[in-house]
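> Sharing a model prediction with you, sequence too.
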Amino acid sequence: MISSVIFCILLTGAGVFFAINVKKIRRNILIGRDVVFPDEKPKRLRTMLLVAFGQQKMFAQPIPAILHLFLYAAFIITQIELIEIIFDGVSGSHRAFRPSLHGFYTFMVSFIEILSVLAFIGTLAFLSRRNLLKVPRLVKSELNGWPKLDANLILFGELTLICFIFMMNGADEVLYTRNISHAANLGDGSLGLSISRHLGPVLFGGMSDHSLYTIERVGWWGHIMMVLGFLNYLPFSKHLHIVLGFPNTYFSNLQKKGKFATLDSVTDVVAPNFDPAYVAKTDPDHPQKFGVKDVQDLTWKNLLDAYTCTECGRCTSACPQNMTGKKLSPRKIMMDTRDRLEEVGKNIDANKGTFVDDGKSLFDYISNEELWACNTCNACVQECPVNIDPLAIIMDMRRFLVMEQSQAPSELNLMFSNTENNGAPWQFSQSDRANWSKEI
Amino acid sequence: MAEMLAAGETPEILFWVGCSGSFDDRAKKITKAIVRILDHVKIKFAILGTEESCTGDPAKRAGNEFLFQMQAMQNISVMNGYGIKKIVTGCPHCFNTIKNEYPSLGGNYEIVHHTQLVQELIDQGRLKVQGGAFKGKKIVFHDPCYLGRGNDIYEAPRDVIRKLDVELAEMKRSRAKGLCCGAGGAQMFKEAEPGNKEVNVERAEEALALNPDVIAVGCPFCNTMMTDGVKHFNKEDKTKVLDVAELIANANDL
């Protein structure tokens, strides 16, 4: 009875705390400019199913893809068992669904156990890739400090969670064979769990009844506490991708990657020179900045991208500039965007819901040197397993530098003036443009 | 184009030459190769000549949307004035810009990259291709970003190269995983940021590791970057950098 009350309090508390933080993240994402996506529902759903649910792009690198699949599958399927755990926790029952589901129950929990073992192996492999093998993209400088700790905390958390599952199930198996488990005795002599049936007796076989009850309870409570803890860790971690990967792929750019956004605010200035009857597309009372200075100027999709990024670094390892030692790292662009957004969010919280200018901008996080290095080659966009677009942010920040600040590198200014005066990026006369044709 | 109009003729296609193809000495050879192919199959084509102006691609990628739109609208008004319907270009940057970024500014044309046109001509039987001097040679194709990842065109240039009876080799980073030559995003017009290697050297190194006779490209900027990269390794005697149009025109003495 008391345990049911404690459980309900914990569950409600965790739920409320999580909801508060989710609301904050939603508020932060909506700080971004509105952007309307063409309504192509079937295509969007298909992209989400393939890329997020089906992990299509992960399989460009088969080894991490398979390891990740272990964790992903275990995570998805475990949600089913969670229904029973919550039911048991609230009602004070124990394995409440087993008598009615029996064979199916054994199958499901056994399946979850096998996936948990695979996830355990996957997690160990991931820890060693980060900390022993030091896979280059997982040890780059932008991960120093919190991002590195964050990644390891998640992995250690997963290991602990899986250990709790086997404490809970293993001890219960031994108790069941001794006919003293709190689970309803169906006269079958064993819970029949694929792994724990064997692992339980090996680990806990010689222990007293009392120790077994203790281990089982520690496992059970430890497991649900880890689940609730993990849930509430998400909003503070890179691990949000497990949720946001889905909406983010749904709102993927479905057009050709070579097509860059056309700025309506610029068209409104340029078009009247060519067409006197042109009707402005933007609201003249709310003039838009040319390009992006801070997170408020980005679109909500850019900001959703930032929260979705799980810092895997596939973008950065594919970036031609990064691999040749330049400062630019597309992953850092996404991490910086999120960090600045969180800072703006905290500013809003501290100032009763309105942003008070703090004299900072996204340019305090991302340097001009990084922005100017980009080849706009779309390798980062291509690589991202959840369709994040770092290039869109780089381009919009370049636009701000050029059109609001006139801060292009001098060689580019020369290219601009050549284009403007000669119709070519080099200093050639437009009248010589067809000279080649006389050489045929 | 103006001359054709004066003579009351309508071209089958407009050849958008591009700045590089118009002014760069190396790229002019590609332009001439394309013309040789067009003439050979007797396609009635026109150029805008001095009325052509930069598409605005480098300005746009460098963040100067104003200049881009000025260039775009100027080009669009010229082309719409001539009633242009179909365009071929030898530059993936011009191709991408006209194809994807002109429509929302009022320029709607059917545009193909020259490798697509050549493939079309071969498929239609209008262009017969033999390997000639390239027969049996090892050729590796470098994907231009704005043709490949930018517009998902990976096979047209490869199909055309295969017609030459050559050994088509692939770098590990090819097609969607292709590595940039280092020129895109207006990098062609500025010095690289501090680092430990030039991107074109990285890419040329990868291509040269296959020991090819020819590095085939489909972009005048890639051509410059790869040529410089090959020179960096002093391999210009063994490995030539040639555009797909040059391969076709040279192999068949067009």
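Yes, it's here.

> Strands of the stretch 151-300 of chain A, start to end?
Counting by DSSP state E, counting those that start in this stretch, the stretch 151-300 of chain A has no strands at all.

> Please give the number of neighbouring residues around the residue nearest to B:Asp243 when sequence neighbours are not counted.
Nearest residue to B:Asp243, sequence neighbours excluded (CB to CB, 6 or more residues apart in numbering or on different chains): B:Ile30, at 4.3 Å. For every residue, glycine as well, the C-beta is placed using N, CA and C. B:Ile30 has 28 neighbours, counted by other CB atoms under 10 Å in any protein chain shown.

> ok, now A:Ala151?
Per other CB under 10 Å, the neighbour tally for A:Ala151 reads 22.

> Quick one: residues contacting it.
A:130, A:138, A:143, A:238, A:311 (CB atoms under 8 Å, 6 or more residues apart in numbering or on different chains).

> Which residues are in contact with whichever residue of chain A sits closest to chain B?
Per CB to the nearest CB, A:Gly258 is where chain A lies closest to chain B, at 2.7 Å. Contacts for A:Gly258 (CB under 8 Å, 6+ apart) come out as A:378, B:96, B:99-100, B:146, B:149-151.

> host element of the residue nearest to B:Asp243?
Following DSSP states H and E, one finds B:Ile30 within helix B:25-40.

> ok, B:Lys197 touching A:Gln321?
No. B:Lys197 is beyond contact range of A:Gln321, at 10.1 Å (criterion: CB atoms under 8 Å).

> Which one of those two is surrounded by more residues?
For B:Lys197 and A:Gln321, the more surrounded residue by other CB under 10 Å is A:Gln321, and the numbers stand at 27 against 15.

> ok so the more buried one is a helix residue?
Yes. Applying DSSP: H, G, I helix; E, B strand; the rest coil, one finds A:Gln321 inside a helix.

> where's it relative to B:Gln187, distance?
9 Å (CB to CB, to the nearest Å).

> What of A:Ser208?
Separation of A:Ser208 from B:Gln187 (CB to CB) stands at 72 Å.

> excluding its backbone neighbours, what's nearest A:Trp220?
A:Trp220 sits nearest to A:Met168 (CB to CB, 6+ apart), 4.7 Å away.

> Pull the number of nearby residues for that neighbour.
22.

> wait, doesn't it sit right on A:Glu216?
Yes. Between A:Met168 and A:Glu216 there is a contact at 5.8 Å, judged by CB under 8 Å.

> picking up where we left off before, show me what secondary structure element comes after the helix holding B:Ile30.
Next in sequence after helix B:25-40, counting helices and strands by DSSP H and E, comes strand B:45-46.

> what pairs with that following strand, and is each one parallel or antiparallel?
If you go by DSSP bridges, strand B:45-46 pairs up with strand B:13-16 (parallel).

> what about the strand it pairs with, distance to the chain center?
13 Å (CA atoms, centre = their mean, to the nearest Å).

> Could you do stretch B:35-54 as well?
Here the centre of mass of C-alpha atoms in stretch B:35-54, compared against the chain's by CA atoms, centre = their mean, lies 14 Å away.

> Please list all residues in contact with residue 232.
Because you didn't say which chain, this covers chain A. By CB under 8 Å, 6+ apart, A:Asn232 lies in contact with A:14, A:17-18, A:21.

> you looked at the wrong chain, it should be chain B
Applying CB under 8 Å, 6+ apart, one finds that B:His232 lies in contact with B:198, B:200-201, B:204.

> Mind pulling the model confidence for it?
On pLDDT, B:His232 comes in at 98.

> A:Thr214 versus the closest residue to B:Ile47 other than its chain neighbours, what's the distance?
Distances taken as CB to CB, 6+ apart put B:Phe15 closest to B:Ile47, at 5.1 Å, once the chain neighbours are dropped. Look at B:Phe15 and A:Thr214: by CB to CB, they are 83 Å apart.

> element containing B:Leu242?
strand B:240-243.

> Tell me the gap between that strand and the middle of its chain.
How far strand B:240-243 lies from its chain's middle: 12 Å, per CA atoms, centre = their mean.

> Specify the next element, helix or strand, located C-terminal of it.
Sequence order places helix B:244-251 as the next helix or strand after strand B:240-243, per DSSP H and E.

> and the angle from that next one to helix B:25-40?
60 degrees (axes from the mean of the first three to the mean of the last three CA atoms, to 10 degrees).

> what are the C-alpha coordinates of helix B:244-251, in CSV please?
Only the C-alpha atoms of helix B:244-251 are listed here, as CSV (Å, rounded to 0.1, in the frame of the first residue of the first chain):
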residue,chain,number,x,y,z
VAL,B,244,33.2,14.5,-70.0
ALA,B,245,32.4,16.7,-73.0
GLU,B,246,36.1,16.7,-73.9
LEU,B,247,36.3,12.9,-73.6
ILE,B,248,33.4,12.5,-76.0
ALA,B,249,34.5,15.1,-78.5
ASN,B,250,38.2,14.0,-78.5
ALA,B,251,37.5,10.3,-78.6
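
> Could you give the average pLDDT over that helix?
Average pLDDT, helix B:244-251: 96.

> That one and chain A in contact?
No. On the criterion CB under 8 Å from any CB of the partner chain, helix B:244-251 is out of touch with chain A, staying 12.0 Å away.

> List the contacts of the residue lying closest to A:Val243 once chain neighbours are set aside.
Nearest in space to A:Val243, with sequence neighbours left out and distances taken as CB to CB, 6+ apart, is A:Leu234 at 7.0 Å. Counting by CB under 8 Å, 6+ apart, A:Leu234 touches A:18, A:240, A:242-243.

> So for A:Leu234, what's the pLDDT?
97.

> Shouldn't A:Val344 be within a helix?
Yes. A:Val344: assigned to a helix according to three-state DSSP.

> Surely B:Ile13 touches B:Ile43?
Yes. Assessed by CB under 8 Å, B:Ile13 is found in contact with B:Ile43 at 6.1 Å.

> any common contacting residues for A:Gln321 and B:Gln187?
Counting by CB under 8 Å, 6+ apart, the contacts common to A:Gln321 and B:Gln187 are A:375, B:199.

> hang on, the earlier thing: quick one: which of A:Ser208 and B:Gln187 has more around it?
A count of neighbours by other CB under 10 Å puts B:Gln187 above the other of A:Ser208 and B:Gln187, at 29 against 8.

> so what's the more buried one up against?
The neighbourhood of B:Gln187, defined by CB under 8 Å, 6+ apart, consists of A:375, B:199.

> Got the phi and psi for A:Ser431?
phi -70, psi -10 (degrees, to the nearest 10).

> List the contacts of it.
B:Thr50.

> helices or strands up against the helix or strand encompassing A:Leu412?
Secondary structure assignment for A:Leu412, by DSSP H and E: helix A:410-422. The contact analysis (3 or more CB pairs under 8 Å, 6 or more residues apart in numbering or on different chains; DSSP states H and E) places helix A:410-422 against helix B:57-61, helix B:65-82.

> what about that helix, distance to the chain center?
Averaging C-alpha positions (CA atoms, centre = their mean) puts helix A:410-422 40 Å from its chain's average.

> what's the angle from that helix to helix B:65-82?
Angle of helix A:410-422 versus helix B:65-82, following the same axes, to 10 degrees, is 30 degrees.

> tell me which residues in helix A:410-422 are buried?
Across helix A:410-422, burial judged by 16 or more other CB atoms under 10 Å in any protein chain shown covers A:412-416, A:418-420, A:422.

> Quick check, pLDDT for residue 16.
Assuming you mean chain A. 98.

> wrong chain, I was asking about chain B
B:Trp16 is assigned 98 on the pLDDT scale.

> how many other residues sit next to the residue of chain B found nearest chain A?
Proximity of chain B to chain A (CB to the nearest CB) peaks at B:Gly150, 2.7 Å away. Here the number of neighbours of B:Gly150 (other CB under 10 Å) works out to 25.
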